[in-house]
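**Student:** got a sequence here, can you model it:
(2 chains)
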2 protein chains.
Amino acid sequence: MNFNQRLNIAIEHHHSLLCIGLDPDVVRLPASVRHDADAVYTFCHEIIAATHDVAVAYKPNIAFFEAMGVTGIETLMRLMHHTRQNIWILDAKRGDIGNTASAYAHAAFGHFHADAITLNPYMGGDTLEPFLTHADRGAFLLCRTSNPGSRDIQELRLADGRPLYLAVAELAAQQWNTNQNVGLVVGATQPDALKAVRTICPDLPFLLPGIGAQGGDLVEALNAGLDARRSGLLINASRSILYASNAEDYAHAARAEAIRTRDAINTIRDAR
Amino acid sequence: MNFNQRLNIAIEHHHSLLCIGLDPDVVRLPASVRHDADAVYTFCHEIIAATHDVAVAYKPNIAFFEAMGVTGIETLMRLMHHTRQNIWILDAKRGDIGNTASAYAHAAFGHFHADAITLNPYMGGDTLEPFLTHADRGAFLLCRTSNPGSRDIQELRLADGRPLYLAVAELAAQQWNTNQNVGLVVGATQPDALKAVRTICPDLPFLLPGIGAQGGDLVEALNAGLDARRSGLLINASRSILYASNAEDYAHAARAEAIRTRDAINTIRDAR
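**Tutor:** I've put the predicted structure just below:
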């Protein structure tokens, strides 16, 4: 089964579009786990145990684990190996030439057991191919991101009048999705951009950062981004869930916030 | 001292523009080291010991180490910590939002002790800033790469008629280089593109992949890319040096090939 089918089934099964971003910041861990010898593992593991029936996906950003050195990489591998009920998206934003991309794909899909990865499309189609050839694994390509600097390159006007990110969307839908395993990263903070990308890519799943700590409006984002089946989105929330409480009840608080976010999303879907 | 000054001094000191790409592929290691328990470390260490006075820089691509799992990351850290006579460029092509970019910068400059890193500019200036704020460390931004797919995005025509990669070059020179620590990655296989980028960026160092296994012509590349001081380039060679011999004499053969490449480059510089 190809990745986009797998994702649709998982969304139906969980009745959830919620993706939880695992970006553990050692200085923000609750005091009750901070001095645990294996604090980051314990923290993430408890968050996952409390939310795996609420979220459809987890998205660990590898940078936060790499920043802890070799131990961090090993922690991420253990987390991804031991928790397999959800879709795991390795947020790595990789992009490199053929034999190097193959090495990254081997690391992501072999060592980390990721179901999907985020990729940077700047180097072109041949740098995506070593990932896309794995039809059962997904690739979410950066399209229009939610950070202020995204306008520097992504919004440059092309000769045909379109901003660059719409050309990326078109390449994704028309050239790179032959295995039905391509998705796009589109920031929730720009509903107009999201709507324009959805028009070009009616069938692709979008991963939406920017809800919660980054301040995107949920109603506008969903109305702009949902596909014809009122699905096709993964709404990512990280800090609002991970740090819902910094006391001993952090996992319980994370679950409550995850349920609140999932239900807020489903209410908007149902009202559509 | 800022990075671009440091690099110029290192180039003068070594009288070399040669950068050796460390992309160890386990299946291509010489039989004499392949069964060493620490084969990749031994291989790279021997190559470095035989070439550190010939090359000005080393460029390990982190993908090849990540593909070996946790052990590979640990191997790369040991190599970078124990060999400090040269400029070390971590080829990682990172690019992510602010707090994530800070985590990557901490990993690259803190854990790996890299002197410079390669970055992907697609997400814009605020994603580069956490690296560029370290004035003594360098950032080589992907501009025009040497792979066939580079034309998919990098050569898209902008409204002003220029290809996208020239807009990236202009942003690099005019907006992002405030700490004199920005460089560009420009493929050696496209001398016309290289010449156009040099015109926009007379003072930036360029990292040139594509010589050797990728087949770029050295004379054309140097004539297009050298700056007014007949410098400003790092010419990267990987496989032609690493696998110059697959017998026991691999380090000796790597040294001979490194000297041949360095001297071929210097002859072209001197003839200019």
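**Student:** where does pLDDT dip in chain A?
**Tutor:** Across chain A, the ranges flagged by pLDDT under 70 are A:212-216.
**Student:** contacts only, for the residue lying farthest from the centre of it.
**Tutor:** In chain A, residue A:159 marks the outermost C-alpha relative to the chain mean, sitting 31.3 Å out by CA atoms, centre = their mean. With contacts defined as CB atoms under 8 Å, 6 or more residues apart in numbering or on different chains, the neighbours of residue A:159 are B:157, B:158, B:159, B:161. Every residue, glycine included, has its C-beta placed from N, CA and C.
**Student:** neighbour-wise, which one of these leads?
**Tutor:** With neighbours set by other CB atoms under 10 Å in any protein chain shown, the maximum within the contacts of residue A:159 is found at residue B:158, which has 15 neighbours.
**Student:** thought that one was touching residue B:168?
**Tutor:** No - Residue B:158 lies out of contact with residue B:168 (CB atoms under 8 Å); the separation is 10.7 Å.
**Student:** residue of the stretch 151-272 of chain A nearest chain B, please.
**Tutor:** Chain B sits closest to residue A:152 of the stretch 151-272 of chain A, with a gap of 3.6 Å, by CB to the nearest CB.
**Student:** phi, psi for the residue nearest to that residue when sequence neighbours are not counted please.
**Tutor:** Nearest non-adjacent residue to residue A:152, counting by CB to CB, 6 or more residues apart in numbering or on different chains: residue B:124, 3.6 Å away. Per-residue torsions, residue B:124: phi 100, psi 180 (degrees, to the nearest 10).
**Student:** need the contact list for residue B:124.
**Tutor:** Here residue B:124 is in contact with A:145, A:147, A:148, A:149, A:150, A:151, A:152, A:153, A:154 (criterion: CB under 8 Å, 6+ apart).
**Student:** mind checking how far it is from residue B:70?
**Tutor:** According to CB to CB, to the nearest Å, residue B:124 stands 32 Å off from residue B:70.
**Student:** cool, and residue A:79?
**Tutor:** Taken as CB to CB, the span from residue A:79 to residue B:70 is 13 Å.
**Student:** give me the more crowded residue out of these two.
**Tutor:** residue A:79 (22 against 17).
**Student:** hmm, who's touching the helix or strand containing the more buried one?
**Tutor:** Per DSSP states H and E, residue A:79 falls inside helix A:70-82. Helix A:70-82 is contacted from outside by A:22, A:38, A:40-41, A:44-45, A:48, A:60, A:62, A:64-66, A:68, A:88, A:90, A:111-114, B:69-70, B:73-74, B:77, using CB under 8 Å, 6+ apart.
**Student:** are we agreed that residue A:139 is in a strand?
**Tutor:** Yes - in this structure, residue A:139 lies within a strand as judged by DSSP: H, G, I helix; E, B strand; the rest coil.
**Student:** tell me what it is bridged to.
**Tutor:** Going by DSSP bridges, residue A:139 is paired in beta bridges with residue A:117, residue A:182.
**Student:** let me know how buried it is, in neighbour terms.
**Tutor:** By the criterion of other CB under 10 Å, residue A:139 has 27 neighbours.
**Student:** residues in contact with it?
**Tutor:** Contacts of residue A:139 (CB under 8 Å, 6+ apart): A:116, A:117, A:118, A:119, A:128, A:131, A:132, A:181, A:182, A:183.
**Student:** how about 6 Å then?
**Tutor:** Contact analysis of residue A:139 by CB atoms under 6 Å, 6 or more residues apart in numbering or on different chains lists A:117, A:119, A:131, A:132, A:182.
**Student:** confirm that residue A:165 sits in a helix.
**Tutor:** Yes - counting by three-state DSSP, residue A:165 is located in a helix.
**Student:** I'd say it and residue A:143 touch.
**Tutor:** Yes - assessed by CB atoms under 6 Å, residue A:165 is found in contact with residue A:143 at 5.2 Å.
**Student:** who's more crowded, the two?
**Tutor:** residue A:143 (30 against 26).
**Student:** pretty sure that one sits in a strand.
**Tutor:** Yes - under three-state DSSP, residue A:143 falls within a strand.
**Student:** what's the distance between it and chain B?
**Tutor:** Here residue A:143 is placed at a distance of 10 Å from chain B (CB to the nearest CB, to the nearest Å).
**Student:** contacting residues around that residue?
**Tutor:** Counted by CB under 6 Å, 6+ apart, residue A:143 has contacts A:165, A:168, A:169, A:184, A:185, A:186.
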